[in-house]
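>>> generate coordinates for the sequence data below:
(2 chains)
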Amino acid sequence: MLAGGITCFSSCSDFLERQPDTIMTDDQIFGDEVMIRSVLANYYGRVSWGQHISDDYTYTILDEAGRSDGGPDNIQNYGDALWRVYDYGLIRNINQFLQSLRETTAVDEEDKQAYEGEARFLRAWTYFNMARGMGGMPIVGDEVFEYESGMDITTLQYPRSTEAGIYDYIIEECEAISALLSDETNTHSARANKWVALMLKARAAIYAGSLANYNNKMSSPIRTSGGEVGIPADRAAGYYEQALAAAKDVIDNSPYELQLNKPDDLERNFYEALSVKDNNKEVIWAHDRIYPGTGQQTGFTTRNIPGSHAEDIDRAYAGPILNLVEDFEYTDDRNGDIHIRNAQGDYIFYDDPLDAFANKDARLGGTVILPNALFKGTPVPLQAGQKVWNNGSWQTLVGQSDERDAANRLITSANGPVRNNDPYVNKTGFFFRKFLDEAAGASTRGRNSEMWFPRFRFAEAVLIAAEAAMELGQQSVAVGYINQVRERAGIQPLTSVTLDDIIQERRVEFAFENHRYWDLKRFRRAHIVWNGVVNSPTAQQYALFPYLVVAPGTPNDGKYVFDRLVFSGSLHPRFFQLRNYYNFIDLGWRNANPKIVLNPFQ
Amino acid sequence: MAECEPEDCIESISITFMTTTMKKYLNMLLLPAIVAVSSCGLDNYDAPESKLTGRVVYNGEPVGVRGTGEAVQLQLYQDGYELRDPIPVYVGQDGTFEAKLFDGEYKLVTRDNNGPWVNDRDTTVVNVSGTANVDIEVTPFYTVSNVQLALSGSSADASFQVNEIASGTDIDYVMILVGKTSFVDDVSYTARVDINDATAGSTVTGSIDLANNTDFQSGGPLYARVGLRPTGKDQAIYSQVVKLR
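Residues are numbered from 1 along each chain as shown, chains lettered A, B, ... in the order given. Below is the predicted model of the structure:
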């Protein structure tokens, strides 16, 4: 037996005695500008965290979308490590890059500065993603640690910074970086420039300001004794001023704008501002994608395209939920609830299911495919069944996929929505529109989509400015900014701005853009919105089911009505507990570095 | 055999053993066999057999908490080892806990800011030898007492007194909960009513109409308890669960 074992592991060729062709020396890399750029490209590929379109499951765990790929999910609580980022490997790599870049003679000083700026921006972005999950974390500067046997490892162990300290560091870095980088745009906004650095500065400052402000307004603020979590309240105003200044700089001086190419079709305009890359003036920094190229595309369109428009076997993985749809206002009514019953409790009848969404915020149609709305020029049917008028009461008739009744009228659309566990049939009543690619072949497995994922865009600068001005008591400034965004959405202007207005505006403007979770955390609203109460209007997920009315001989025959139902694809209300405001520190990290203190509730 | 060079070994096997094709198949059989029979003794501990039991108490009475979702935990530390990861000890809804351990000296603490009591992380030293029993004293912000829960017709009626024990927080809300299993808390329930204007020292009464509740209509067993959530705390304090029917 032993002999047999040895034969498996022994070899006589010199297969292993070769020079590696995938490991390159520092001289090979930093002697060649093309190689330097490709190393930088590698770092750009390593900075997607949190919600993004290549991980559409992440949209279903908050209050934006629900799954329809099978039976119900069991999500209820949020994990202690949800979207936790702890990437000192990347920070070390960037510091190694900086060290070698500063020594090279292969590129001239001007280009060197630009590369240094990009690398340091990616490092600041990494720290920002760590900070918003965990609070203050060790800041290692430009240090590249080298361990030699026998050395005192305590010199390598850095304690956590304070939460204020890490935001200060990010803000200072971005200030310095913005001077190193070009102020010109680049293809598909894929690389950092001056305005990207200023956007991160504005975002870090507004996060820090709202944390300083709202954490200390809780009945028992969340903090650690060393300030690793918890920013003193008196810092808030300073942060808000920094955020307002940085956002104003972007608004007043950058080449970007609130894109308004189609003033006659605001819905289409909003879709294009987010989801059409060429000649885009809205997006400041994005994770860009391209076809061909292995692994350079996203399957978002493939997985989520409506069945009626699918080009491959995949479809309808998930869909937006009613909670999000109803948070979009009407042009003249701030309460966005869909009108499905009149004051007497009777159904409201619509000639076309799409009529129920008339006069809504134009962003709704640019974010969500509504029942019978057009996608790629053809309507997307969504019909749950028929409502049959039978001896004075409504009877609900649900059929098989695309089944028709004796009069050849559709009962249930193949698209859904349904309440059973059939995989890949819609269960919410809506499909994704934002980031759904219209290009031919974009929903096939072989090609997938070139859709980007924007990380910073002009509207965020405007809403950061509005929020900061509101917090600083500059109401007229805040009103001016927020109304720019509302005007593009075609909804009524505001005359004053409150925190609730800011939360509401960001909710609908930035749906699916990785803002919702972090916003509710920094405003300390998450435990109130996702309170875990069954049938809570905000914590429970809801669906909207359209039905065809079958009432021969009455004027309502052939019209459509709607039912508001608890979403069958997620059984439990979302429950965000106080301990979820900060990720837990992994105990392994503390074992390796005893100077790391744990987070509250841990 | 062990002394020969690997090349020689292969040589001798192919000559004395069998043809190369057959060898290939035999290797496939032998490899798992070798892996299966060899092992190192380092990880071959017996499972811990000693048992630590205990209660979280106030004035000698166990404190009712949420028992699902690992909501309330204590932490056990043991000194003398290189790593200091706590062993989590989960507190059941009746305030009791239990852990299987190796014999030794442990330090038991509550988890930071976890539970409806004043955050006090004093250490309780526990010596486990065979068995050990320990009560952890806590100071709740509020307690509920004189709890009456009963089913009358299709209504679950509750009456209880709210007592303030420690200052520093307010009453966020009190809740009456009915569940279809014996696990009842603010996450596991079939019916729930929140009362927001309860004050300390008063008697709170409330009822839940179950007429339209499917679990009530099904005629199965029903359980109930009341709870109180102190403002800004992560957990509510509960009465013990009673069976309504």
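>>> buried set for stretch A:387-398?
For stretch A:387-398, the buried set under the neighbour-count rule, 16 or more other C-beta atoms under 10 Å in any protein chain shown, comprises A:Lys387, A:Val388, A:Trp389, A:Trp394, A:Leu397. Quick note: C-beta positions are derived from backbone N, CA and C, even for glycine.
>>> and for the third one, nearest residue in space, chain neighbours not counted?
Think A:Trp389. Once flanking residues are discounted, A:Trp389 sits nearest to A:Ala551: 3.6 Å by C-beta to C-beta, 6 or more residues apart in numbering or on different chains.
>>> still on that earlier bit, tell me which two in the buried residues of stretch A:387-398 are the farthest apart.
A:Trp389 and A:Leu397 (11.2 Å; C-beta to C-beta).
>>> for these two, list the residues in contact with both.
Common contact partners of A:Trp389 and A:Leu397 (C-beta atoms under 8 Å, 6 or more residues apart in numbering or on different chains): A:Val550.
>>> contacts for the host helix or strand of B:Thr53, please.
Using DSSP states H and E, B:Thr53 sits within strand B:50-58. Contacts to strand B:50-58, defined as C-beta under 8 Å, 6+ apart, come from residues B:62-63, B:65, B:72, B:74, B:76, B:89, B:91, B:95-103, B:106, B:108, B:115, B:117, B:126, B:128-140, B:143, B:165.
>>> show me the helices in chain B, by range?
Assigned by DSSP state H, the helices in chain B fall at B:6-16, B:20-37, B:214-217.
>>> what's in contact with the last one?
Helix B:214-217 is touched from outside by B:Ser154, B:Lys180, B:Thr190, B:Ala191, B:Leu210, B:Leu222, with contacts defined as C-beta under 8 Å, 6+ apart.
>>> just the buried ones from these?
When neighbours are counted using 16+ other C-beta under 10 Å, the contacts of helix B:214-217 contain these buried positions: B:Lys180, B:Thr190, B:Ala191, B:Leu210, B:Leu222.
>>> run a quick neighbour tally on the nearest residue to the last one once chain neighbours are set aside.
In space, and not counting its chain neighbours, B:Leu222 is closest to B:Leu244: 4.2 Å by C-beta to C-beta, 6+ apart. Here the count is done by other C-beta atoms under 10 Å in any protein chain shown, and B:Leu244 has 17 residues near it.
>>> how about A:Thr498?
12.
>>> save the contacts of helix B:214-217 as a markdown table, and put in pLDDT too.
Shown next, in a markdown table, are the contacts of helix B:214-217 (pLDDT from 0 to 100):
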| residue | pLDDT |
| --- | --- |
| B:Ser154 | 93 |
| B:Lys180 | 94 |
| B:Thr190 | 93 |
| B:Ala191 | 94 |
| B:Leu210 | 94 |
| B:Leu222 | 96 |
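>>> flag every residue of the stretch 501-602 of chain A that's near chain B.
Counting by C-beta under 8 Å from any C-beta of the partner chain, the stretch 501-602 of chain A comes close to chain B at A:532-534, A:572, A:575, A:577-579, A:587, A:590-591, A:598, A:600-602.
>>> show me which pair in these is furthest apart.
Using C-beta to C-beta, these span at most 40.1 Å, a distance reached by A:Val534 and A:Asn591.
>>> now for the residue nearest to B:Leu222: which residues touch it?
The contact partners of B:Leu244, by C-beta under 8 Å, 6+ apart, come to B:Leu149, B:Ala150, B:Leu151, B:Ala156, B:Val178, B:Pro221, B:Leu222, B:Tyr223, B:Ala224.
>>> A:Asp73: which of the residues you listed is nearest?
Using C-beta to C-beta, those come closest to A:Asp73 at B:Val178, 25.5 Å.
>>> out of everything not next to it in sequence, what's closest to the closest one?
In space, and not counting its chain neighbours, B:Val178 is closest to B:Ala191: 4.3 Å by C-beta to C-beta, 6+ apart.
>>> shouldn't A:Ala202 be in contact with A:Tyr239?
No - the criterion here is C-beta atoms under 8 Å, and A:Ala202 misses it with A:Tyr239 at 10.3 Å.
>>> ok, then the element right after the lowest-mean-pLDDT helix or strand in chain A?
In chain A, no helix or strand scores lower on mean pLDDT, DSSP states H and E than helix A:2-9, which sits at a mean of 54. The element immediately downstream of helix A:2-9 (helix or strand, assigned by DSSP H and E) is helix A:26-30.
>>> counting by contacts, list what that next one packs against.
Secondary-structure packing of helix A:26-30 (3 or more C-beta pairs under 8 Å, 6 or more residues apart in numbering or on different chains; DSSP states H and E): helix A:33-44, helix A:88-103.
>>> tell me which residues of it are tucked away?
A:Ile29, A:Phe30.
>>> comparing the helices of chain B, which yields the minimum mean pLDDT?
Across the helices of chain B, helix B:6-16 has the smallest mean pLDDT, namely a mean of 42.
>>> so what's residue 156 up against?
If you meant another chain, say so; for now it's chain A. Here A:Leu156 is in contact with A:Phe145, A:Tyr147 (criterion: C-beta under 8 Å, 6+ apart).
>>> think we crossed wires, I meant chain B
B:Ala156 neighbours (C-beta under 8 Å, 6+ apart): B:Leu149, B:Ala150, B:Ile176, B:Val178, B:Ala191, B:Ser207, B:Ile208, B:Leu210, B:Leu222, B:Ala224, B:Leu244.
>>> give the bridge partners for it, please.
As for beta bridges, B:Ala156 partners with B:Leu151, B:Ile208 under DSSP bridges.
>>> tell me the spacing between it and chain A.
Computed as C-beta to the nearest C-beta, to the nearest Å, the B:Ala156 to chain A distance reads 16 Å.
>>> tell me the pLDDT at that residue?
Reading off the confidence values, B:Ala156 has pLDDT 95.
>>> shouldn't A:Phe562 be in contact with A:Phe349?
No - A:Phe562 lies out of contact with A:Phe349 (C-beta under 8 Å); the separation is 10.0 Å.
>>> so the two - more neighbours on which side?
Neighbour count, other C-beta under 10 Å: between A:Phe562 and A:Phe349, A:Phe562 has more, with 23 against 18.
>>> now the helix or strand hosting the more buried one: mean pLDDT?
Here A:Phe562, judged by DSSP H and E, is contained in strand A:560-566. Summarised as a single mean, pLDDT over strand A:560-566 is 97.
>>> buried ones in the helix or strand just after that strand?
Using DSSP H and E, the helix or strand that follows strand A:560-566 in sequence is helix A:587-592. Residues A:Arg590 are the ones in helix A:587-592 that count as buried (16+ other C-beta under 10 Å).
>>> next: stretch A:322-333.
Result for stretch A:322-333 [16+ other C-beta under 10 Å]: buried residues A:Leu322, A:Asn323, A:Leu324, A:Val325, A:Glu326, A:Asp327, A:Phe328, A:Glu329, A:Tyr330.
>>> now swap in stretch B:199-209 and tell me
Neighbour-count burial for stretch B:199-209 flags B:Val204, B:Gly206, B:Ile208 (criterion: 16+ other C-beta under 10 Å).
>>> any stretches of the chain with poor pLDDT?
Defaulting to chain A. A:1-13 (pLDDT under 70).
>>> let's do chain B instead
Residue ranges of chain B with pLDDT under 70: B:1-43.
>>> any idea how many residues pack against the closest residue in space to A:Arg191 that isn't next to it in sequence?
Closest residue to A:Arg191 apart from its sequence neighbours, by C-beta to C-beta, 6+ apart: A:Glu118 at 6.5 Å. A:Glu118: 25 surrounding residues under other C-beta under 10 Å.
>>> so which strand or helix has A:Glu118?
For A:Glu118, the host element (DSSP H and E) is helix A:109-134.
>>> and that helix with helix A:88-103, angle?
Counting by axes from the mean of the first three to the mean of the last three C-alpha atoms, to 10 degrees, helix A:109-134 points 160 degrees away from the direction of helix A:88-103.
>>> so after helix A:109-134, what's the next helix or strand?
helix A:163-180.
>>> show residues contacting that next one.
Here helix A:163-180 makes contact (C-beta under 8 Å, 6+ apart) with A:113-114, A:116-117, A:120-121, A:123-124, A:127-128, A:130-131, A:135-137, A:139, A:161, A:192, A:194, A:197-198, A:200-201, A:204-205, A:207-208, A:211-212, A:227-232, A:235, A:239, A:242, A:246.
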